[in-house]
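**Student:** what follows is a protein structure lacking sequence information:
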């Protein structure tokens with residue numbers, strides 16, 4: 001706790017650093033608010049829980065992830081941009097771009113990726129700061145993240161298909177009423193697993209941004225270690241970020257719940273349980289590998305896979321197509337907004 005108060009005192013002594021630090025926490029809160037739909041859509045769509053009960057349940061597991069998730073993803077985000085091009089202005093502009101894009105897509109009820117908005121914003125601001133493309137971003141991490149825009153929903157879809165086939169085979173002789181009653185209980189725990197995975201992967205993205213901010217400001221004496229990829233995350237950063245995302249989840253993104261839980265396909269309790277289990281499995285694996293994947297992409301793929309088991313027409317492909325377009329546009333759009341924001345910040349700071 002002494003490290004927390006020492007660091008907090010240093011942050012508060014510099015109003016500009018304090019503004020950016022709290023902006024990062026606002027982004028984390030909006031991430032939870034925006035992605036609450038991902039955590040609760042299936043359990044609300046199947047009417048296992050009421051919306052308020054669902055967000056409380058999801059928020060608790062978001063917070064519990066602070067003691068389980070590790071920091072592999074946070075390390076990847078902190079080093080997304082080469083250390084030479086990380087400044088407090090770059091971080092501020094990147095957060096601004098991500099927040100603006102998240103609010104636009106939330107208002108439109110579009111389940112875009114908060115993770116990719118943050119990475120796009122961070123990268124876009126750094127490129128404008130550097131005045132060039134080459135050598136600014138960590139190419140390997142960028143390529144891996146872009147690959148997972150395709151891989152994450154595909155894995156969720158395939159796992160969703162697999163789990164539903166297994167359930168239909170095992171319970172082939174069970175009555176629909178008994179299945180419904182049993183999977184309503186199961187879905188509480190699959191929703192918990194998904195929310196845990198969401199907290200493990202998504203909260204770490206803000207941890208990475210806050211660590212990059214502190215290394216660029218109050219921890220300047222340790223910049224050599226940061227440049228070498230040796231990023232240290234005090235537990236207070238982990239706890240604060242998981243608490244912020246949990247509070248955001250508590251407030252909920254109700255517009256997106258409708259798209260995710262009701263408009264893509266009709267879900268029953270066993271469908272919802274299979275979708276959540278598929279998405280949670282994908283998130284646990286990605287977090288262990290240190291890949292900052294989109295929880296939105298993962299759960300959407302799983303929901304589509306579950307719906308397609310019964311018949312392809314059960315999936316409303318027009319809605320799914322709109323969601324995919326949001327995925328494609330998130331990184332470039334947030335990068336452009338962040339680039340403009342960086343230009344404005346630099347203009348205001350010009351002597």
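**Tutor:** The structure has been received and is ready for your questions. Note that this is a predicted model, so its numbers are computed, not measured. Residues are numbered from 1 along each chain as shown.
**Student:** how about the helices of the stretch 101-250 of the chain, start to end?
**Tutor:** 114-130, 139-170, 176-215, 223-227, 235-251 (DSSP state H, counting those that start in this stretch).
**Student:** wait, I meant the stretch 251-351 of the chain
**Tutor:** In the stretch 251-351 of the chain, the helices defined using DSSP H, counting those that start in this stretch lie at 254-258, 269-289, 295-310, 317-348.
**Student:** can you redo those helices as CSV with mean pLDDT, distance to residue 15 and mean neighbour count?
**Tutor:** C-beta here means a position set from N, CA and C on the backbone, and glycine is covered the same way. Formatted as CSV, these follow (pLDDT from 0 to 100; distance: least, C-beta to C-beta, whole Å; neighbours: other C-beta atoms under 10 Å):
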stretch, mean pLDDT, distance to residue 15, mean neighbour count
helix 254-258, 49, 34, 19
helix 269-289, 88, 35, 26
helix 295-310, 76, 33, 28
helix 317-348, 77, 15, 18
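**Student:** give the contact list for residue 270.
**Tutor:** Residues in contact with residue 270 (C-beta atoms under 8 Å, 6 or more residues apart in numbering) are 164, 167, 171, 179, 180, 183, 186.
**Student:** now do 7 Å
**Tutor:** 167, 179, 183 (C-beta atoms under 7 Å, 6 or more residues apart in numbering).
**Student:** measure the last one to residue 276 for me?
**Tutor:** In this structure, residue 183 and residue 276 are separated by 11 Å, where distance is defined by C-beta to C-beta, to the nearest Å.
**Student:** repeat that for the first one.
**Tutor:** When distances are taken as C-beta to C-beta, residue 167 and residue 276 turn out to be 13 Å apart.
**Student:** what's the answer for the second one, then?
**Tutor:** Residue 179 sits 16 Å away from residue 276, taking C-beta to C-beta as the criterion.
**Student:** and the residue nearest to residue 212 when sequence neighbours are not counted, how many neighbours?
**Tutor:** Nearest non-adjacent residue to residue 212, counting by C-beta to C-beta, 6 or more residues apart in numbering: residue 78, 4.8 Å away. Per other C-beta atoms under 10 Å, the neighbour tally for residue 78 reads 27.
**Student:** now do residue 78 against residue 12, distance only.
**Tutor:** Per C-beta to C-beta, residue 78 is found 22 Å from residue 12.
**Student:** can you check residue 278 too?
**Tutor:** Taken as C-beta to C-beta, the span from residue 278 to residue 12 is 44 Å.
**Student:** can you check residue 116 too?
**Tutor:** For residue 116, the distance to residue 12 (C-beta to C-beta) stands at 31 Å.
**Student:** cool, and residue 239?
**Tutor:** Distance of residue 239 to residue 12, given as C-beta to C-beta: 18 Å.
**Student:** which of these two has more residues huddled nearby?
**Tutor:** Between residue 239 and residue 12, counted using other C-beta under 10 Å, residue 239 has the larger neighbour count: 16 against 11.
**Student:** looking at that one now. What's its pLDDT?
**Tutor:** pLDDT, residue 239: 95.
**Student:** which one is it nearest to, not counting chain neighbours?
**Tutor:** Counting by C-beta to C-beta, 6+ apart, the residue nearest residue 239 is residue 66, at 5.1 Å.
**Student:** now that neighbour: how far from residue 178?
**Tutor:** According to C-beta to C-beta, residue 66 and residue 178 sit 38 Å apart.
**Student:** if you count surrounding residues, which of the two has more?
**Tutor:** A direct count of neighbours by other C-beta under 10 Å for residue 66 and residue 178 places residue 66 higher, at 22 against 10.
**Student:** for the more buried one, give its distance to residue 233.
**Tutor:** The value you get for residue 66 to residue 233, if C-beta to C-beta is used, is 11 Å.
**Student:** what do you get for residue 287?
**Tutor:** Note on residue 287: its distance to residue 233, by C-beta to C-beta, is 14 Å.
**Student:** do residue 342 as well
**Tutor:** Residue 342 is 25 Å from residue 233, where distance means C-beta to C-beta.
**Student:** for residue 297, what are its contacts?
**Tutor:** Applying C-beta under 7 Å, 6+ apart, we find residue 297 in contact with 113, 149, 152, 153, 327.
**Student:** now stretch 137-157: mean pLDDT?
**Tutor:** In this model, stretch 137-157 has a mean pLDDT of 85.
**Student:** would you single out the least confident of the helices of the stretch 101-250 of the chain?
**Tutor:** helix 223-227 (a mean of 68).
**Student:** ok, how many other residues are close to residue 135?
**Tutor:** Residue 135 has 11 neighbours, counted by other C-beta under 10 Å.
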